[in-house]
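S.K.: from the sequence below, what's the structure:
(4 chains)
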Protein chains: 2
Amino acid sequence: MPDRVRGMTEPSAERDPESVSRFVEHFAAQLTEAGMPRMPSRVFGALLASDAGTLTSAELGDQLKISPAAVSGAVRYLAQVHMVSREREPGSRRERYRVHSDQWYEALTNREAIIKRWEDALREGVTSLGADTPAGRRLAETLGFFEFIEEELVGVMERWRVHREQKYPR
Amino acid sequence: MPDRVRGMTEPSAERDPESVSRFVEHFAAQLTEAGMPRMPSRVFGALLASDAGTLTSAELGDQLKISPAAVSGAVRYLAQVHMVSREREPGSRRERYRVHSDQWYEALTNREAIIKRWEDALREGVTSLGADTPAGRRLAETLGFFEFIEEELVGVMERWRVHREQKYPR
DNA sequence: CGCTTCTTTCAGAAATTTGTGAAGTTAAGG
DNA sequence: CCTTAACTTCACAAATTTCTGAAAGAAGCG
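M.R.: Next up is the predicted model:
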């Protein structure tokens, strides 16, 4: 074991598990409040706060004090909404879960599937209530709003990628 | 009772409660899936599908087959997130709930409070993990993303209002 | 091939959320 | 003021969701 570097100029040789945990739980609480189930929120927080951006199932269960089953469920959820990806650790049957710093928040805006279904429901409503009724017009306007946002989002994300390129270069 | 107009060219003299209900439940299901509690979703759907854009508590309970208590709870929720407003029906102790077609989806984008809290949590994380650590940098980038989106949203909404003005004039 | 290590699935216990009836509160209208 | 219509609050029952332990299922490694 090499000597541990402890100088303050040295970037965090060791992380204070206490601080990490505080952030993880705090951030997870926000996600949960925004509608994400508890365990996925916590798992995601832990990944986000990891230096490598990856953790194994065991590490997650250990750090968050939850069962392997809970990890499994949470990860399945997160993978489904493209917030994490799973990789096989080479030369081991351990699985490893990764948060791509960029991919995940793009997933946030890619609620496309959701927006699409809202739009479908609204279109159905316009038709069945009548496009020329007050209610129908209201639904049509709402539909128009979502379509507009959907288009705009494309440009916004393009601009973000440029902005990011120069502010957070790889 | 006047004769009922039945021509296909005539815009829906009467609304088919069946169709209305189908839309309401379908749309509400999407909202629920996106994280809104059940009753608020249904109440909101009913308001959105009403011709006047307003319904009384009794009408809501009646149409959705729920208790006054459930209506009360749902409306409280919706008012809190600015998706409906409450008005007193003049000369009566009936309350009336209204969906402002424009106001409500502006509320959708005004998840400001939520985004702010995410940002706070992330800032805390950057500080406590160290801005010069890999994890700290990841959090900083994520924070940057939210700040960027927040700014962009202002412009998007301005453009929408213009777009809307000419496509859906009052 | 079988052993071992890790992950997933499943059934059920525990906790949380949701909706109701009933009592309580407010305010209109006599 | 008192009555009464309407909404809200509260405690509890019901339904749903969430997490766990146990068993089953893959996949590396000898």
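S.K.: and the longest helix for chain A?
M.R.: Assignment by DSSP state H gives helix A:134-167 as the longest helix of chain A.
S.K.: same question for that one, mean pLDDT?
M.R.: The average pLDDT within helix A:134-167 is 95.
S.K.: can you check what angle separates it from helix B:134-167?
M.R.: Put simply, helix A:134-167 runs at 140 degrees to helix B:134-167, going by axes from the mean of the first three to the mean of the last three Cα atoms, to 10 degrees.
S.K.: give me the buried positions along helix A:134-167.
M.R.: By 16 or more other Cβ atoms under 10 Å in any protein chain shown, the buried positions in helix A:134-167 come out as A:135-146, A:148-149, A:152-153, A:156-157, A:160, A:164. Every residue, glycine included, has its C-beta placed from N, CA and C.
S.K.: how about the helices of chain A, start to end?
M.R.: Using DSSP H, the helices found in chain A span residues A:17-33, A:38-48, A:57-64, A:68-80, A:101-109, A:112-129, A:134-167.
S.K.: any idea how many residues pack against residue A:168?
M.R.: Using other Cβ atoms under 10 Å in any protein chain shown, residue A:168 has 16 neighbouring residues.
S.K.: next one: phi and psi at it?
M.R.: phi -130, psi 70 (degrees, to the nearest 10).
S.K.: so it touches residue B:144, yeah?
M.R.: Yes - between residue A:168 and residue B:144 there is a contact at 6.7 Å, judged by Cβ atoms under 8 Å.
S.K.: look up how far residue A:70 lies from the residue lying closest to residue A:138 once chain neighbours are set aside.
M.R.: Distance criterion Cβ to Cβ, 6 or more residues apart in numbering or on different chains; nearest residue to residue A:138, sequence neighbours excluded, is residue B:101 at 4.8 Å. Separation of residue B:101 from residue A:70 (Cβ to Cβ, to the nearest Å): 43 Å.
S.K.: distance of the residue of chain A found nearest chain B from residue A:111?
M.R.: Chain A approaches chain B most closely through residue A:35 (2.8 Å), counting by Cβ to the nearest Cβ. Remark: distance between residue A:35 and residue A:111 (Cβ to Cβ) = 11 Å.
S.K.: and these two? which has more neighbours close in?
M.R.: Shown here are residue A:35 and residue A:111; by other Cβ under 10 Å, residue A:111 has more neighbours (15 against 12).
S.K.: show me what contacts the nearest residue to the more buried one once chain neighbours are set aside?
M.R.: Using Cβ to Cβ, 6+ apart and skipping the chain neighbours, the partner closest in space to residue A:111 is residue B:34 (8.0 Å). By Cβ atoms under 8 Å, 6 or more residues apart in numbering or on different chains, residue B:34 lies in contact with A:35, A:111, A:114, A:118.
S.K.: any idea which of those the model trusts least?
M.R.: Minimum pLDDT across the contacts of residue B:34 is recorded for residue A:111, with 72.
S.K.: and stretch A:147-155, anywhere near chain B?
M.R.: Yes - if you take Cβ under 8 Å from any Cβ of the partner chain as the test, stretch A:147-155 does meet chain B, through A:148-149, A:152.
S.K.: identify the residues contacting that stretch?
M.R.: Outside stretch A:147-155, the residues that touch it by Cβ under 8 Å, 6+ apart are A:109, A:112, A:115, A:119, B:109, B:156, B:159-160, B:163.
S.K.: what's the closest of the residues you listed to DNA strand D?
M.R.: The closest of those to DNA strand D turns out to be residue A:115 (Cβ to the nearest atom of the strand; 21.7 Å).
S.K.: okay, now the domains of chain A?
M.R.: Chain A breaks down by automatic domain parsing into domains covering A:17-100, A:111-167.
S.K.: save those as JSON lines, and put in distance to residue B:127 too.
M.R.: Shown next, in JSON lines, are the domains of chain A (distance: least, Cβ to Cβ, whole Å):
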{"stretch": "domain A:17-100", "distance to residue B:127": "9"}
{"stretch": "domain A:111-167", "distance to residue B:127": "19"}
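S.K.: if I look at the residue in chain A sticking out farthest from the centre, how far off is residue A:126?
M.R.: The centre of chain A is farthest from one residue, residue A:132, which by Cα atoms, centre = their mean lies 40.5 Å away. In this view, residue A:132 and residue A:126 are 10 Å apart by Cβ to Cβ.
S.K.: what count of nearby residues applies to the closest residue to residue A:121 other than its chain neighbours?
M.R.: Leaving aside its sequence neighbours, residue A:121 sits nearest to residue B:27 (Cβ to Cβ, 6+ apart; 4.5 Å). When neighbours are counted by other Cβ under 10 Å, residue B:27 registers 26.
S.K.: what sits against the closest residue to residue A:98 other than its chain neighbours?
M.R.: Closest residue to residue A:98 apart from its sequence neighbours, by Cβ to Cβ, 6+ apart: residue A:54 at 4.4 Å. Residues in contact with residue A:54, defined by Cβ under 8 Å, 6+ apart, are A:47, A:87, A:96-99.
S.K.: now do residue A:83
M.R.: By Cβ under 8 Å, 6+ apart, the neighbours of residue A:83 are A:44, A:99, A:104, A:107.
S.K.: surely the third one touches residue A:81?
M.R.: When you say that, I think you mean residue A:104. No - contact criterion Cβ under 8 Å: residue A:104 and residue A:81 do not qualify, at 9.3 Å.
S.K.: what pLDDT does the residue nearest to residue A:39 when sequence neighbours are not counted get?
M.R.: The shortest distance from residue A:39 to any non-neighbouring residue, by Cβ to Cβ, 6+ apart, is to residue A:74 (4.0 Å). pLDDT recorded at residue A:74 is 97.
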